[in-house]
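> Prediction below, plus the sequence it came from.
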Amino acid sequence: MPNKEFLEEYSLFRKLKAEVPNTMDYLDKPAINMHCHNCGSVQTFNMTNEYQDGYGYSNVPCDGTKLRLKYLCRSCHTFTREFSIYISPELDYIYKFGQYPEWEIKMDKNLEKSLGKHAKNFRKGLVCESQGYGIGAFSYYRRITEEIIDELLDSINDLIEEENKAKYLKALEATKNTRVTQEKIDLIKDLLPSILRPNGMNPLGVLHSELSEGLHAESDESCLENATHVKDILTFLINQIMQSRESSKNFTESMKTLLTKKSQKNQ
C-alpha cells in the first residue's frame, strides 16, 4: 500500500480503504503503467525517492502523514509523474490530494460517439470526479442513465437468448408505463443476456442498487464511490452492446460474401 490501481486510476480525494503499515519502511513502491508525454505512449514508471527521505531514519510512523511519490519513465528516463498522498491517523485509508500531471480526463472515442449528445454531461461528470466532487459526478452520471435507459434497454433486445425473448419483450413493454429509471431496470435486470453478465454478475442489478441510493443524505465521499461504479457499469454496457453488434455485423457480412462466392462458383 499504496497499490498500482490506486496510483493509476483513483481521482483526487477518493479514499482507498486498507490496512496501512505502521511505519514507512513497509510501504509498497509499485511500478505503474501510465502515459508518457515524451514517449507518446503508455510506459512503465518506477518510484525514484524513498518515503522516509528527510527523516534520517527508516521506521518513520505512517499515521496522519503526507507523502510525496516521484516516478520516472523507464523508457525515456526524462518524463516524471508525482503524487501527493495523505494517510489517515487510524491507518485505515489513504487518498491523493495532489497529482502532476493532473488526473487525465479521457473518454473512449467509441463511447463518446455512442453517447452522442450525452457525451458532454459524461465529460462534466469526469471533471467533477477528477476534483473529488462526488455529488456533482454522481448527478451527471445518474442524469445520463435516466436519459438513455430506454434506448439502452431497446438495444439489448437483439442480444436476448431466444428462450427469454418473449419474457423480455413483455417486460420491455411494461417499462413504457413508468418514467422512473429504477423501476425500468427492475423490470428487465433479471432477463439480461449472458454476454452482459461477466462472471455471472448482473450490471443492471448493481446499477439499480446504486441509483436507488440517490443523492439525499449521502456524503460527498459516498457519492464519489457511487459515481465511479455507475460510470464503470454504463461504460461496460454500452461498449459490450457496441462490440456485440459489430461482431454480428461482421459475421453476417462474411457469411454473405462466402455464400455469394460459393453460389457464383457453382454456376
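Received, thanks. Fair warning: this is a prediction, and the values are worked out from it, not measured in the lab. Numbers count the residues shown, from 1 in each chain.

> any idea which element the most centrally placed residue in the chain lies in?
The chain has residue 232 as the residue nearest its centroid, 3.5 Å off, counting by CA atoms, centre = their mean. Secondary structure assignment for residue 232, by DSSP states H and E: helix 220-266.

> ok, back up a step: relative to residue 85, how far out is the residue nearest to the centre of the chain?
Distance, residue 232 to residue 85, by CB to CB, to the nearest Å: 23 Å. In short, each C-beta sits where N, CA and C put it, glycine included.

> cool, and residue 233?
28 Å.

> Ok, residue 67 next?
For residue 67 relative to residue 85 (CB to CB), the value is 5 Å.

> Compare these two (neighbour count), which wins?
Per other CB atoms under 10 Å, whichever of residue 67 and residue 85 has more neighbours is residue 85, with 22 against 19.

> host element of the more buried one?
Assigning secondary structure by DSSP H and E places residue 85 in strand 80-87.

> what's the answer for residue 44, then?
If you go by DSSP H and E, residue 44 is part of strand 41-47.

> Just the buried residues of that strand, please?
Neighbour-count burial for strand 41-47, counted by 16 or more other CB atoms under 10 Å, picks out 43, 45, 47.

> go on, stretch 226-239?
Buried-residue list, stretch 226-239, by 16+ other CB under 10 Å: 226-231, 233-235, 237-238.

> likewise stretch 66-84?
Residues 67, 69, 71-73, 79, 81, 83 are the ones in stretch 66-84 that count as buried (16+ other CB under 10 Å).

> Could you do stretch 185-205 as well?
185-189, 191-193, 196, 203-205.

> can you check stretch 88-108 too?
For stretch 88-108, the buried set under the neighbour-count rule, 16+ other CB under 10 Å, comprises 88, 91, 93-96, 99, 103.

> Which members of those residues are positioned in helices?
Assigned to helices by DSSP state H, none of the buried residues of stretch 88-108 qualify.

> Which parts of the stretch 1-150 of the chain are strands?
Secondary structure of the stretch 1-150 of the chain (DSSP state E, counting those that start in this stretch): strands at 16-17, 32-36, 41-47, 66-73, 80-87, 93-100.

> orientation of the last one relative to strand 80-87 in degrees?
So the one you mean is strand 93-100. Between strand 93-100 and strand 80-87, the angle comes out at 150 degrees (axes from the mean of the first three to the mean of the last three CA atoms, to 10 degrees).

> And residue 81, what's its pLDDT?
With respect to pLDDT, residue 81 scores 98.

> same thing with the one 10 residues further on?
The predicted local distance difference test score for residue 91 is 97.

> what about the protein, any weak spots by pLDDT?
Per-residue confidence for the chain (pLDDT under 70) gives these ranges: 213-217, 244-252, 255, 262, 266-267.

> sorry, back to before: between the buried residues of stretch 226-239, which is nearest residue 170?
residue 237 (21.4 Å; CB to CB).

> which non-adjacent residue is nearest the closest one?
residue 203 (5.8 Å; CB to CB, 6 or more residues apart in numbering).

> Residue 138 contacts residue 226, doesn't it?
Yes. With contact defined as CB atoms under 8 Å, residue 138 counts as touching residue 226 (5.3 Å).

> shared neighbours, the two?
Listed as contacting both residue 138 and residue 226 by CB atoms under 8 Å, 6 or more residues apart in numbering are residue 218.

> May I see the strands of the stretch 1-150 of the chain organised as JSON lines, with distance to residue 110 added?
Shown next, in JSON lines, are the strands of the stretch 1-150 of the chain (distance: least, CB to CB, whole Å):
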{"stretch": "strand 16-17", "distance to residue 110": "29"}
{"stretch": "strand 32-36", "distance to residue 110": "19"}
{"stretch": "strand 41-47", "distance to residue 110": "18"}
{"stretch": "strand 66-73", "distance to residue 110": "28"}
{"stretch": "strand 80-87", "distance to residue 110": "27"}
{"stretch": "strand 93-100", "distance to residue 110": "27"}
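
> May I ask you to confirm that residue 16 is in contact with residue 7?
No. Counting by CB under 8 Å, residue 16 does not reach residue 7; the two are 9.8 Å apart.
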